[in-house]
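Chemist: coords please:
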Amino acid sequence: MKHWLLPHPILTPILALIWVLLVNSLSPGAILMGVVLGWAIPLFTLRFWPDEVRVRKPLTLIRFLVVLLYDILIANLAVAWLILRGPRHVHPAFVVVPLELTTDIGISFLANTISLTPGTVSSWLSPDRRSLVVQGLDVKDPHALVETIKRRYEAPLLEVFESC
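Modeler: A predicted model of the protein is given here:
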């Protein structure tokens, strides 16, 4: 019964918020539609979720989301600056990020976080799920990119989804 009422309590408000942001309106209809979609999407995709998602440290997840939003803003500005400066200032590269994350949800969050941040995209997950190949638009120091991803994104996700 619990799953029918609210299959994913964290995902529901996030989807509702995303809907409100997409339609750019705080009208009662937009909010109601967001809530309905936030409830219906997790309900209809429930059978595709392999395990119940357990958020072990919700405050760490909130801090992670704040860091992610900040990084998206800064990365947008950096990519815009790169575009304005021209292609000769771009240093694209592929880097291999060794993973400590082991759960499907943790790896998925990390890969999507990297792809959401302008200037980087997750390209390939190794068959043994121990490394993720990331393509960066402007990579002057590949080691620094790997360390940034591990420190800013993977470490909090380890706490949120995999800590005991």
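Chemist: what helix or strand does the residue nearest to residue 112 when sequence neighbours are not counted sit in?
Modeler: Nearest non-adjacent residue to residue 112, counting by Cβ to Cβ, 6 or more residues apart in numbering: residue 122, 7.5 Å away. Where you see a C-beta, it was placed from the backbone N, CA and C, and this is true even at glycine. For residue 122, the host element (DSSP states H and E) is strand 120-125.
Chemist: Can you give the strand pairings for that strand, parallel or anti for each?
Modeler: strand 131-136 (antiparallel) (DSSP bridges).
Chemist: Show me the helices in this structure, by range?
Modeler: Taking DSSP state H to define them, one finds helices in the chain at 2-5, 11-23, 28-44, 58-85, 104-116, 142-149, 155-162.
Chemist: between the ones you listed, which gets nearest to residue 130?
Modeler: helix 104-116 (10.1 Å; Cβ to Cβ).
Chemist: mind checking how far the closest one is from the chain centre?
Modeler: Its chain's average C-alpha position is 5 Å from that of helix 104-116, according to Cα atoms, centre = their mean, to the nearest Å.
Chemist: now do stretch 65-74
Modeler: With Cα atoms, centre = their mean, you get 10 Å for stretch 65-74.
Chemist: what do you get for stretch 85-96?
Modeler: 22 Å.
Chemist: okay, now residue 151: neighbour count?
Modeler: Counted with other Cβ atoms under 10 Å, residues neighbouring residue 151 total 10.
Chemist: Sorry, slip of the keys, the one I care about is residue 46.
Modeler: When neighbours are counted by other Cβ under 10 Å, residue 46 registers 12.
Chemist: low-confidence ranges in this structure?
Modeler: Residue ranges of the chain with pLDDT under 70: 1-4, 50-52, 163-164.
Chemist: residue closest to the middle of it?
Modeler: With distances taken as Cα atoms, centre = their mean, residue 113 lies nearest the centre of the chain, 2.8 Å away.
Chemist: Now that one: closest residue in space that isn't a chain neighbour?
Modeler: Per Cβ to Cβ, 6+ apart, closest to residue 113 is residue 153, 5.1 Å.
Chemist: ok, the one you found to residue 25 distance?
Modeler: 31 Å (Cβ to Cβ, to the nearest Å).
Chemist: Comparing these two, which residue is more hemmed in?
Modeler: residue 153 (22 against 14).
Chemist: Contacts only, for the more buried one.
Modeler: 64, 68, 110, 113, 114 (Cβ atoms under 8 Å, 6 or more residues apart in numbering).
Chemist: Show me how the protein divides into domains.
Modeler: 2-48, 58-162 (automatic domain parsing).
Chemist: Done for today, thanks.
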